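> need a structure here:
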Amino acid sequence: MGMKTLVLGLGNAIVSDDGVGIHVVREVASRLADRAACADLTLAQSSLGGLRLLDTMAGYSHAVIVDAIQTRGGRPGQIYQLQIDDLQRTLHSGSTHDLSLPGALALGRALGMSLPHDEDIVLIAVEVEDVLDFGETCTPAVMAAIPCAADAVLAELGVVTGPAI
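Have a look, this model is predicted:
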């Protein structure tokens, strides 16, 4: 029995770069479309943050979360691979929503929810430029990073796919 893995793209697909997590997960889905070997893998997207993410993550032993991030001096399109510990040590909690992801996970576990352990959660974060303007496409630098972020997700899953055509 394999580990149940969730790949979760966060963001709002109609707010320019804020949708990058969702675009990355769609790219991963298209690359995995012809692979039957992914029975224990779920791809999902959500515009929710904090506590409301817990229901989505419950029951999985491993999670790869893809989200937009804005850091001081960051370069749009830059991709970071972070652990929950990294989020706890930074002001940028990976979520602009009600409760930080580390806080929500701790609370969920205290309530007895079956959630992945911190070390089994990887955050693939893409540095973004515009998270305020409505638009269904990302800014050019962020758009260009989507295939690379998808590569990072697939590498985390241990899946090697050929180059996108």
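> just checking, next helix/strand downstream of the helix or strand bottoming out on mean pLDDT in the chain?
Least confident helix or strand of the chain, by mean pLDDT, DSSP states H and E, is helix 84-88 with a mean of 76. Per DSSP states H and E, the first helix or strand lying C-terminal to helix 84-88 is helix 101-110.
> who does the very next helix or strand once past that next one pair up with?
Per DSSP H and E, the first helix or strand lying C-terminal to helix 101-110 is strand 121-127. Applying DSSP bridges, strand 121-127 is found paired with strand 62-69 (parallel), strand 79-83 (antiparallel).
> how about these in TSV, adding distance to R109, mean pLDDT and mean neighbour count?
In short, each C-beta sits where N, CA and C put it, glycine included. Listed next are the strands paired with strand 121-127 as TSV, based on distance: least, C-beta to C-beta, whole Å; pLDDT from 0 to 100; neighbours: other C-beta atoms under 10 Å:
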stretch	distance to R109	mean pLDDT	mean neighbour count
strand 62-69	14	93	26
strand 79-83	16	93	16
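> Turn those into a markdown table, columns for distance to G135.
Formatted as a markdown table, the strands paired with strand 121-127 follow (distance: least, C-beta to C-beta, whole Å):
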| stretch | distance to G135 |
| --- | --- |
| strand 62-69 | 14 |
| strand 79-83 | 21 |
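> Nearest to D130 among those would be which one?
strand 62-69 (9.9 Å; C-beta to C-beta).
> give me the beta-bridge partners of T42?
Beta bridges link T42 to L6 when assigned by DSSP bridges.
> Without its sequence neighbours, what residue ends up closest to the spatially most central residue of the chain?
The centroid of the chain falls nearest to V66 when counting by C-alpha atoms, centre = their mean (1.4 Å). The shortest distance from V66 to any non-neighbouring residue, by C-beta to C-beta, 6 or more residues apart in numbering, is to G21 (4.1 Å).
> rewinding a little: could you name the helices and strands sitting against the least confident helix or strand of the chain?
Counting contacts by 3 or more C-beta pairs under 8 Å, 6 or more residues apart in numbering; DSSP states H and E, helix 84-88 is packed against helix 101-110, strand 121-127.
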